[in-house]
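Chemist: just need the structure, nothing else, for what follows:
(chains A and B)
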Amino acid sequence: MKLTTKLLAATAIVSATGASATDLEVTHWWTSGGEAAAVAELAKAFDASGDHWVDGAIAGSGGTARPIMISRITGGDPMGATQFNHGQQALELVEAGLMLDLTDVAEENNWEEVIFPKSLLDACTVDGRVYCAPVNIHSPEWLWISNKVYEDLGLPVPQNWNEFVESAPAVREAGKVPLALGNQPWQANTAFGAIQVAVAGLENWQAVNMDQDLDVAAGDAYAAVFEAAAAARELAVGSNVQDWNQATNLVITDQAAGQIMGDWAQGEFAVAGEVAGEDYTCLPGLGLNAYLSTGGDAFYFPKLDDPEQEAAQKRLAALLVSPEVQVAFNLKKGSLPIRGDVDLSEANDCMQKGLELLASGNVMPSGDMLWTPDTQKQVEDLMVEFWMSDMPAAEAHERWVEILSMD
Amino acid sequence: MASKPLSARLTRNLNAKIAALPMIITTLVVFLGGTIWSVVYSFTGSKLLPKLKWVGLKQYDRLWSNSRWEISIENLFWYGIFALVLTIAIGFLLAVLLDQKIRFEDTFRTILLYPFALSFIVTGLVWQWLLNPEMGIQHIVRSMGWESFTFDPLYNPDLVLIGLLMAGLWQGTGFVMCIMLAGLRGIDEDIWKAARVDGIPAWKTYLRVVIPMMRPVFITTLVIVAAGIIKLYDLVVAMTSGGPGNASQVPAMYVYDYLFQAQNLGQGLAASTMMLLSVLIVLIPWAYLEFGGKKHA
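Modeler: Alright, predicted model coming up:
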């Protein structure tokens, strides 16, 4: 009942202002097949509500797109709305007063209660005011496995990371790459992040990432993490691709056995017509420690002078969080919705696994919320060097602790 | 002229001075002002937005203990030495060959200069395709029957600089050749005649007479090529984005990544100040030789 009234309220806002169609330019970095299909849902919903979505997709990745977005905002040429990963990426822009305060929209639509887990809204809140509209939850801690590779070998499909590593020599013998890994720097970092939770366990992870306990970071639990990463490095030898979706494609076309990648990989499997559970298997938390970090994407709205555009920005913010847009968008994207009260029975096997973890509270904050971009970049540099060279695990471990100590 | 009063000197050629004013202001504000601003903020702890929070030499300290920066400098050093020597040597050789009063000189000159008309991004992309093992040179040779042929410098950390060098030389030698050719044409015909009368072989004339006479041309070329090498960025981005791993990182990429991706203005500006310093190290001796040394020569 409560939901319906909210729905009605949302439609009322939309129809009341529908007469004055306003163009809003929205910048984002969703350009792969699955991502483009998802963003088309947002545009469709916004256009249907009477305004006009001007698409400003920036190809590359977040690392390419964010500098362009930030320089447009700080350079006095702001767009209507822009994607960021919620957390510290846009913090200084908010503090400098360049972002629109969405607190009234949040209160009107009761975001406080509908957004789940609550940490998502917290990541949008600075000094008690809300500055962004979260749209999805993404967790990078997944292992994607091609079932066919194992059927051809006559082996059971691995159910966790350890089994995957054990099966690797057989995969290698069959002339296939055990682990697909693209050369973009963030991918090495993502793989390390996933191995980190899976091997060290939640308690150690929290001690390091939330309490910044450097003794734990330098301890044995993390030494094991680096050993596991060094082993994974061997498995990835021979996957000469750049982009993450090219690496996913190696798994889809059964040239590689598996890939550590976020749940956005699911969109690629869907576009290729593969079925979860039959053609591919997904293991959250690499099948060892099934915890998901609740990072994701959010839209920020730079301050504009035109009151009409500002009203349109607020309409878009409300629309993004609305249940029907959440369902349509996240089904295409393969990500999890940011509210617990929507019906996702259409979701496939993998998304259901994610939803269960979310509902049972097996979640943790994402790196974007906990560490500054500066620290994250340094860790990324280290990971690239580590994954692409033969640096000993102990040396990487030592340097990693040193970087964390500077945050 | 110098004895005239100041006001007269200022109003002389007034139109020209007014016309030059926008450029003078641009130079002072944009180039000089921007440079000073960068250097000043490299001593602050600025993150995403510039703030005057002084931290002394901390950014430089961190920069020089960073292994990625060290790799960048090392890469630039080796790339720089080979690029400098080879572009000038090949460029000069091509110019000498063209100078032999050959037929269709214009056509050859145009062909050799053409790569210079392409930006580094286009050059980089073309060479990335050529060197890609799946569709470039390696693929073609293999499809002709030599199955074991391997040539994938961009995917091999030990060879990646050679891959970059190939593209850099392809793009840059034509330009150097043109400057050298202009220099060769500037040598008086009588010198050649005198050398011929004395029976000196042509190669010896080039080595002992022509090259020493072309010293200013060589120095100018050296400075242009060296400054271009220090700025090396777009070629690397287009060909390898610094990979595999960190094997082809260059300082300019470090500056960009820390300015924008890591949102650490102070660190990025410290790195760019170091780059400015290295450009000055190249430029100051040149300026001294070009302008200061002339009186004695």
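Chemist: tell me who's in contact with the residue in the stretch 201-350 of chain A that chain B sits nearest to.
Modeler: Residue nearest to chain B within the stretch 201-350 of chain A: A:Asn240 (5.3 Å; Cβ to the nearest Cβ). All C-beta atoms are positioned from the backbone trio N, CA, C, and that covers glycine. A:Asn240 makes contact with A:Asn183, B:Pro133, B:Asp152, B:Tyr155, according to Cβ atoms under 8 Å, 6 or more residues apart in numbering or on different chains.
Chemist: the last one against B:Pro133, yeah?
Modeler: Just to be clear, that refers to B:Tyr155. Yes - if you go by Cβ atoms under 8 Å, B:Tyr155 and B:Pro133 touch, sitting 6.7 Å apart.
Chemist: what does chain A put close to chain B?
Modeler: Applying Cβ under 8 Å from any Cβ of the partner chain, one finds that chain A approaches chain B through A:63, A:66-67, A:70-71, A:74, A:89, A:91-93, A:96, A:183-185, A:240, A:242, A:372-374, A:376-378, A:381, A:384-385, A:387-389, A:399, A:406.
Chemist: what about the contacts of A:Asn240, which one has the most neighbours?
Modeler: A:Asn183 (24 neighbours; other Cβ atoms under 10 Å in any protein chain shown).
Chemist: quick one, what contacts it?
Modeler: A:Asn240, A:Val241, A:Gln242, A:Met388, B:Ser241, B:Gly243, B:Pro244.
Chemist: returning to what we had before: so the residue of the stretch 201-350 of chain A closest to chain B versus A:Asn183, what's the distance?
Modeler: Using Cβ to Cβ, to the nearest Å, A:Asn240 is found at 8 Å from A:Asn183.
Chemist: so who does whatever residue of the stretch 251-400 of chain A ends up closest to chain B touch?
Modeler: Chain B sits closest to A:Met388 of the stretch 251-400 of chain A, with a gap of 2.4 Å, by Cβ to the nearest Cβ. The contact partners of A:Met388, by Cβ under 8 Å, 6+ apart, come to A:Asn183, A:Ala188, B:Pro157, B:Gly243, B:Pro244, B:Gly245, B:Asn246, B:Ala247.
Chemist: quick check, nearest of those to A:Gln159?
Modeler: Closest approach to A:Gln159 among the contacts of A:Met388 (Cβ to Cβ): A:Ala188, at 24.8 Å.
Chemist: re earlier: need the contacts of A:Met388 in TSV with distance to B:Leu32, pLDDT and secondary structure, can you?
Modeler: Shown next, in TSV, are the contacts of A:Met388 (distance: Cβ to Cβ, whole Å; pLDDT from 0 to 100; DSSP: H, G, I helix; E, B strand; the rest coil):
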residue	distance to B:Leu32	pLDDT	secondary structure
A:Asn183	40	81	coil
A:Ala188	41	88	helix
B:Pro157	40	82	coil
B:Gly243	36	75	coil
B:Pro244	40	80	coil
B:Gly245	38	78	coil
B:Asn246	34	83	coil
B:Ala247	36	86	coil
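Chemist: what subset of those is buried?
Modeler: When the contacts of A:Met388 are checked for burial by 16 or more other Cβ atoms under 10 Å in any protein chain shown, the buried set is A:Asn183, A:Ala188, B:Gly243, B:Pro244, B:Gly245, B:Asn246, B:Ala247.
Chemist: doesn't A:Val54 lie inside a helix?
Modeler: No - A:Val54 is assigned strand when assessed by DSSP: H, G, I helix; E, B strand; the rest coil, not a helix.
Chemist: residues in contact with the nearest residue to it once chain neighbours are set aside?
Modeler: Of all residues beyond its chain neighbours, the one nearest A:Val54 is A:Glu25 (4.3 Å), with distances taken as Cβ to Cβ, 6 or more residues apart in numbering or on different chains. With contact set as Cβ under 8 Å, 6+ apart, A:Glu25 has these partners: A:Val54, A:Gly56, A:Met79, A:Gly80, A:Ala81.
Chemist: for ChimeraX, what selects the buried ones among those residues?
Modeler: Written as a ChimeraX command, the selection of buried residues from those, which uses 16+ other Cβ under 10 Å, is:
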select /A:56,79,80,81
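Chemist: nearest to chain B, of the contacts of A:Glu25?
Modeler: Looking across the contacts of A:Glu25 and measuring by Cβ to the nearest Cβ, the closest to chain B is A:Met79, at 17.0 Å.
Chemist: doesn't A:Val26 make contact with the closest one?
Modeler: Yes - between A:Met79 and A:Val26 there is a contact under Cβ under 8 Å: 6.8 Å.
Chemist: quick check: neighbours shared by the two?
Modeler: In contact with both A:Met79 and A:Val26: A:Gly56, using Cβ under 8 Å, 6+ apart.
Chemist: the stretch 1-150 of chain B against chain A: which residues are in contact?
Modeler: Counting by Cβ under 8 Å from any Cβ, the residues of the stretch 1-150 of chain B that sit close to chain A are B:Lys47, B:Leu48, B:Leu49, B:Arg62, B:Asn66, B:Ser67, B:Arg68, B:Ile71, B:Pro133.
Chemist: of the residues you listed, keep whichever come out buried.
Modeler: B:Lys47, B:Leu48, B:Arg62, B:Asn66, B:Arg68, B:Ile71, B:Pro133.
Chemist: show me which residues of stretch A:173-182 are buried.
Modeler: A:Lys176, A:Val177, A:Pro178, A:Leu179, A:Ala180, A:Leu181, A:Gly182.
Chemist: skipping adjacent residues, who's closest to the last one in space?
Modeler: Right, the one you point to is A:Gly182. Excluding the flanking residues, the one nearest A:Gly182 by Cβ to Cβ, 6+ apart is A:Ala247, at 4.2 Å.
Chemist: does A:Ala188 touch A:Val384 like I think?
Modeler: Yes - A:Ala188 lies in contact with A:Val384 (Cβ under 8 Å); the separation is 5.3 Å.
Chemist: circling back to that earlier point, got the contacts of A:Asn240 as CSV, with secondary structure and distance to B:Ile281 columns?
Modeler: Formatted as CSV, the contacts of A:Asn240 follow (DSSP: H, G, I helix; E, B strand; the rest coil; distance: Cβ to Cβ, whole Å):
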residue, secondary structure, distance to B:Ile281
A:Asn183, coil, 34
B:Pro133, coil, 39
B:Asp152, coil, 36
B:Tyr155, helix, 34
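Chemist: JSON lines for these, including distance to A:Gln212?
Modeler: Output for the contacts of A:Asn240, formatted as JSON lines (distance: Cβ to Cβ, whole Å):
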{"residue": "A:Asn183", "distance to A:Gln212": "31"}
{"residue": "B:Pro133", "distance to A:Gln212": "44"}
{"residue": "B:Asp152", "distance to A:Gln212": "42"}
{"residue": "B:Tyr155", "distance to A:Gln212": "38"}
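Chemist: okay, now residue 253: neighbour count?
Modeler: Answering for chain A, as no chain was given. 11.
Chemist: sorry, should have said chain B
Modeler: B:Met253 has 21 neighbours, counted by other Cβ under 10 Å.
Chemist: let's test this: mean pLDDT of the helix or strand it falls within, rounded?
Modeler: Assigned by DSSP states H and E, B:Met253 belongs to helix B:251-256. When pLDDT is averaged along helix B:251-256, the result is 92.
Chemist: great, nothing more from me.
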